[in-house]
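Engineer: Sequence first, then the predicted structure, then my questions.
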Amino acid sequence: MKNSKLFIIPLLCVAVLFTMFAGCVVGTADISLAKAFRIFLSLITGEKSPEINESSYYIILHLRLPRVLLAAITGAGLSVCGVAFQAIFRNPLSDPYVLGVSSGASLGATVAIICGLDAAFWGVSILSFVTALLTVLLIIGIASMGNRLHTTTLLLAGISINFLIASLISLLMLLNQQDMDRIIFWTMGSLSSANYENVIISAFFVIIGITVISIYSRDLNAMLLGSQTAQNVGVNVEKTKKVILLFSTLMIAVIVSFSGVIGFIGLVVPHIVRLAVGTDNRKILPYSILVGILFMVVADIISRIAISPTELPVGSITSLTGAPVFIYLLFNAKKKLRG
């Protein structure tokens, strides 16, 4: 059994590459697998095939490839944030979307759009980061009882903040109807505006965030046993929480800046991975990165082909998958309380 698990990572890597290639092929414009392969081959050889027109090259390399890459970065970042949140809050129901952090970031993006700051990347991202961080601090403040975070209060606080922010965004849309279409983009989630600049910037921050959280993976394992136990084995609990929350919030803010609010990936992916590999965060993190990429790229493909040529918001696809898992986890939590 142990040896069989050694093959899971390579198999996941192959599945990720195959799915990302499929994401570059699938779309309204009909481009065959053979053509797509030769287009990618031209990146290595530097020679374009005369049999393939320029529009096919443009569609694959400048429309679909950056979109697939942004989907992969988004899936990896949100999955790792989910792992981190579930460890520091000691709650498998914790997730950037459920706790309202993603909504907090979207509020900042909404204000940036209304103020005309969306022309520059930093305007949207800085405001998204600030509002997401304030949302985290507000939720922790509501849910804290002394030095402890009460699980039920944490979830209720997150859900309440989600509703509050949704109401504020709706009010802002009503008062600024000329910006309504762009604001709806953030609230429903979409990868349609992906480009290589977005990919490079988001990859930079997500890689930094994942690296920092991975460094703290042992501390996260200790924190699963409780703050007191973690302190007894030498973990600086408060520092760890602050660092994890800071870098997780930074990742969420950057992702929301480019992709809008995409829910439940941070809930579904770590749960699936935990069932497969156990509770060791040193194992959960790399698996979650790969499964998160796979999940997000597949969701994006479905969003493009479900009612083609019309495109569905990718956030609706992830929510359709994540909401039932969330309900299932709630039922499990209720059974444990009864037991």
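Structural biologist: Perfect, thanks for sending it.

Engineer: check contacts around V243.
Structural biologist: V243 makes contact with V212, Y216, according to C-beta atoms under 8 Å, 6 or more residues apart in numbering. C-beta: built from backbone N, CA, C; applies to glycine.

Engineer: Where does it fall, secondary structure wise?
Structural biologist: V243 belongs to helix 237-259 when elements are defined using DSSP states H and E.

Engineer: For stretch 26-41, which outside residues touch it?
Structural biologist: The contact list for stretch 26-41, computed with C-beta under 8 Å, 6+ apart, reads 21, 24-25, 49, 52, 55-57, 59-61, 63-64, 301, 304-305, 308-309.

Engineer: What's the PyMOL line that selects buried ones from the residues you listed?
Structural biologist: Applying 16 or more other C-beta atoms under 10 Å to the contacts of stretch 26-41, the buried members can be selected in PyMOL as follows:
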select buried, resi 21+24+25+52+56+57+59+60+61+63+64+301+304
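
Engineer: List the ones among the contacts of stretch 26-41 that fall in helices.
Structural biologist: Judged by DSSP state H, the contacts of stretch 26-41 include F21, C24, V25, S55, S56, Y57, I301, R304, I305 as members of helices.

Engineer: Quickly name whichever of those is closest to S42.
Structural biologist: Y57 (7.7 Å; C-beta to C-beta).

Engineer: host element of S288?
Structural biologist: Under the assignment here (DSSP H and E), S288 is part of helix 281-305.

Engineer: Measure how that helix sits relative to helix 237-259, angle-wise.
Structural biologist: Angle between the axes of helix 281-305 and helix 237-259 is 20 degrees (criterion: axes from the mean of the first three to the mean of the last three C-alpha atoms, to 10 degrees).

Engineer: any idea of the mean pLDDT for helix 281-305?
Structural biologist: Here helix 281-305 scores 94 as its mean pLDDT.

Engineer: just checking, what packs against it?
Structural biologist: Helices and strands in packing contact with helix 281-305 are listed as helix 8-25, helix 65-88, helix 196-215, helix 217-223, helix 265-277, helix 314-338; criterion 3 or more C-beta pairs under 8 Å, 6 or more residues apart in numbering; DSSP states H and E.

Engineer: Pick the most buried one from those helices.
Structural biologist: Here the criterion is mean neighbour count by mean count of other C-beta atoms under 10 Å, and of the helices and strands packed on helix 281-305 the winner is helix 65-88, at a mean of 28.

Engineer: Which other helices and strands does that helix contact?
Structural biologist: With contacts defined as 3+ C-beta pairs under 8 Å, 6+ apart, the packing partners of helix 65-88 are helix 8-25, helix 196-215, helix 217-223, helix 237-259, helix 265-277, helix 281-305.
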